[in-house]
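Q: I'll drop the sequence and a predicted model, then ask my questions.
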Amino acid sequence: MLNMRITMASTSEHNDRESGAAEHVRLGLMALVIVASLTGWWRHWMSRDWLAFAATLIGGFPIFAEAWENLRKRRMTMELSMTLALIAALCIGQFLTALVIAFFVLFAELVEGYTVGGGRRAIQNLIDALPRQVRVRRGGEERELATNEVAAGETIIIRPGERIPADGVVSKGHSFVDQSSITGESLPVEKVEQSKVFAGTINKDGVLEVMRRENRTRHHLWQNH
């Protein structure tokens, strides 16, 4: 199961890299046409800047394609509004204006993709760092179990230096926990009885006994994101 998840993540990352490379090329060509159009070279060869017209249609294809899908689903979105604005600009002969608008819309989407992708990679790294084996208290005895075998409401024992495997509430113990990977806090946070702890954080000092909450540790990070 783990190998399958790693393979799927690698495939997704490869596809994202290919898509990102195509977007870089698209934006690069659109930028070149914008610069060329600003020089006014086309006035000696044609009555209108047809190069900017073509660059808007070709470069803005992702916007038009998404707008068409939204139109088919009868949804009013930013892409549909942007498409109407671009078509209007082209119809009144403002080819360069339409091209500049399309360029900045696609550039903003590229930046947004990098931001979201970075967040997803950080969450994936955090999920991968969660322990596969944990110690629980059952029938007054400590037992070593796989993380997915621990039910909600069971008590997990976390020693100093170990990563907390699941969200929960401290039922016994006192320690400081490094929560920087979740909350961004630079200093460890003190944990006493009834304190909440989060999956992926690191127990720094004392032994903590944590009552596990819902049995969905490996999925809640993605859902919250």
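A: Received the coordinates, thanks.
Q: hey, let's count contacts and neighbours off CA atoms from now on
A: Noted.
Q: give me the domain ranges for this structure.
A: Split into domains by automatic domain parsing, the chain comes to 2-128, 132-214.
Q: from the ones you listed, which stretch is densest packed?
A: Neighbour counts (mean count of other C-alpha atoms under 10 Å) averaged over each of the domains of the chain peak at domain 132-214, with a mean of 18.
Q: thinking again about what came up before, including mean pLDDT, could the domains of the chain go into JSON lines?
A: Shown next, in JSON lines, are the domains of the chain (pLDDT from 0 to 100):
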{"stretch": "domain 2-128", "mean pLDDT": "78"}
{"stretch": "domain 132-214", "mean pLDDT": "83"}
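Q: surely Val197 touches Asp167?
A: Yes: shown here, Val197 and Asp167 form a contact pair, counting by C-alpha atoms under 8 Å, at 5.7 Å.
Q: now Gly153, what's its secondary structure?
A: For Gly153, the assignment made with DSSP: H, G, I helix; E, B strand; the rest coil gives coil.
Q: was I right to think Glu190 contacts Phe176?
A: Yes: Glu190 lies in contact with Phe176 (C-alpha under 8 Å); the separation is 4.3 Å.
Q: what segments of this structure are strands?
A: Ranges of strands in the chain, per DSSP state E, are 133-138, 141-146, 155-158, 168-173, 175-178, 189-191, 196-197, 202-203, 208-212.
Q: what strands flank the last one, and is each parallel or antiparallel?
A: Right, the one you point to is strand 208-212. Partners of strand 208-212 in the sheet, by DSSP bridges, are strand 155-158 (antiparallel), strand 168-173 (antiparallel).
Q: name the residue most distant from the centre of the protein?
A: For the chain, the largest distance from the centre (C-alpha atoms, centre = their mean) belongs to His44, which lies 47.6 Å off.
Q: contacting residues around it?
A: Going by C-alpha atoms under 8 Å, 6 or more residues apart in numbering, His44 touches no other residue.
Q: and what of Asp49?
A: Asp49 sits next to Ser37, Trp42, Arg43, Phe95, Leu96 when contact means C-alpha under 8 Å, 6+ apart.
Q: how far away is the closest residue to the fourth one other than its chain neighbours from Glu142?
A: Which is Phe95. Of all residues not flanking Phe95 in the chain, Phe53 sits nearest, at 5.2 Å (C-alpha to C-alpha, 6 or more residues apart in numbering). From Phe53 across to Glu142, the span is 71 Å (C-alpha to C-alpha, to the nearest Å).
Q: one more: Phe103?
A: Applying C-alpha to C-alpha, the value for Phe103 to Glu142 is 61 Å.
Q: quick one: the helices in this structure, in order.
A: Applying DSSP state H to the chain gives helices spanning 2-39, 50-59, 61-72, 78-91, 95-129, 180-183, 217-224.
Q: please name every helix or strand in contact with the second one.
A: Using 3 or more C-alpha pairs under 8 Å, 6 or more residues apart in numbering; DSSP states H and E as the contact definition, the elements that helix 50-59 packs against are helix 2-39, helix 95-129.
Q: between that helix and helix 61-72, what angle do the directions make?
A: For helix 50-59 against helix 61-72, the angle by axes from the mean of the first three to the mean of the last three C-alpha atoms, to 10 degrees is 60 degrees.
Q: rewinding a little: next one: the residue nearest to Phe95 from Ile202, what distance?
A: Applying C-alpha to C-alpha to Phe53 and Ile202 gives a distance of 56 Å.
Q: now swap in Pro165 and tell me
A: Pro165 sits 9 Å away from Ile202, going by C-alpha to C-alpha.
Q: residue contacts, the residue nearest to Phe95?
A: Applying C-alpha under 8 Å, 6+ apart, we find Phe53 in contact with Leu90, Phe95, Leu96, Leu99.
Q: all good on my end, thank you.
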